[in-house]
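Enquirer: Sequence and computational prediction follow.
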Amino acid sequence: MAVLVENDTDRPLELRMAERGVLHDRMVIGDNTAFTIGTSLNTIGKQHPTILTPLPEAARDGMRVHVEKWWNDAQTIAVYPPIDPEQPEGDE
């Protein structure tokens, strides 16, 4: 997450965790692209190299339906930039 924040400070970033057993695959899904991550997130850059594999458009669109449900049901564990609870939404 720190690498993403350092390289793209204009885009908000949110990390969520689904309930155990909901999914095993690790993915990064953007507006127009999606990638599978070949290793656990907690070992990236530490123990083993990993590969980000782009998903073809049809696979990405099919996964998006499922992933959006998982996303909506998941617990938020980190948001960047942090949300100020005292600032009204949309007020910058």
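Expert: Arrived safely. Numbers count the residues shown, from 1 in each chain.
Enquirer: residue boundaries of the strands in this structure?
Expert: In the chain, the strands defined using DSSP state E lie at 13-17, 26-29, 34-37, 52-54, 75-80.
Enquirer: what's the shortest one packed up against?
Expert: Contact analysis of strand 52-54 by 3 or more Cβ pairs under 8 Å, 6 or more residues apart in numbering; DSSP states H and E lists strand 34-37 as its packing neighbours. Any C-beta I mention is one placed from the backbone N, CA and C, and that applies to glycine too.
Enquirer: Paired strands for the strand it packs on, with orientation please.
Expert: If you go by DSSP bridges, strand 34-37 pairs up with strand 26-29 (antiparallel), strand 52-54 (antiparallel).
Enquirer: how about the longest one: buried residues?
Expert: Pointing back at strand 26-29 there. Neighbour counts over strand 26-29 (16 or more other Cβ atoms under 10 Å) mark 27, 29 as buried.
Enquirer: quick one: average confidence on it?
Expert: Strand 26-29 shows a mean pLDDT of 81.
Enquirer: which stretch among the strands of the chain comes nearest residue 46?
Expert: Among these, strand 34-37 comes nearest to residue 46, with 13.8 Å by Cβ to Cβ.
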